[in-house]
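Visitor: need the 3D shape of this:
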Amino acid sequence: MCSDNCTREQSVWEDVVLVEDRAEVLVRFDNPAPPKTPFMYHCHILEHEDHGMMGQFAVV
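Guide: Now for the predicted structure:
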């Protein structure tokens, strides 16, 4: 995870991302997740599920 164009050495691995404003998150997936067993993403605030902050996606 890195912001403001930091170097690769300054970046760290994260499995939780805090997005306080508009942002793009680039994630590399080395293993596929087909439609029958998709990956999921979610916000830890349950009420956000209805606002698009919880879902599934496939990597093929």
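
Visitor: quick check: closest non-adjacent residue to residue 31.
Guide: The spatially closest residue to residue 31, leaving aside those adjacent along the chain, is residue 59, at 7.6 Å (CB to CB, 6 or more residues apart in numbering). Placement of C-beta: from N, CA and C, glycine included.

Visitor: may I have the phi/psi pair for that neighbour?
Guide: Main-chain dihedrals, residue 59, degrees, to the nearest 10: phi -120, psi 110.

Visitor: give me the below-cutoff pLDDT ranges for this structure.
Guide: By pLDDT under 70, the low-scoring segments of the chain are 1-4, 8-15, 17.

Visitor: ranges for the strands of it?
Guide: Taking DSSP state E, the strands of the chain run over residues 39-42, 54-57.

Visitor: mind putting those into CSV with mean neighbour count and distance to residue 48?
Guide: Formatted as CSV, those follow (neighbours: other CB atoms under 10 Å; distance: least, CB to CB, whole Å):
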stretch, mean neighbour count, distance to residue 48
strand 39-42, 12, 8
strand 54-57, 12, 7
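
Visitor: can you list those in a markdown table and add distance to residue 6?
Guide: Formatted as a markdown table, the strands of the chain follow (distance: least, CB to CB, whole Å):
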| stretch | distance to residue 6 |
| --- | --- |
| strand 39-42 | 23 |
| strand 54-57 | 27 |
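
Visitor: of these, which is nearest residue 5?
Guide: Smallest distance to residue 5 across these (CB to CB): 24.7 Å, for strand 39-42.

Visitor: strand partners of the closest one, parallel vs antiparallel please.
Guide: Each strand paired with strand 39-42, and its direction, by DSSP bridges: strand 54-57 (antiparallel).

Visitor: not counting the partner strand itself, show me its contacts.
Guide: Outside of strand 54-57, the residues that reach it under the criterion CB atoms under 8 Å, 6 or more residues apart in numbering are 33, 38-43, 48.
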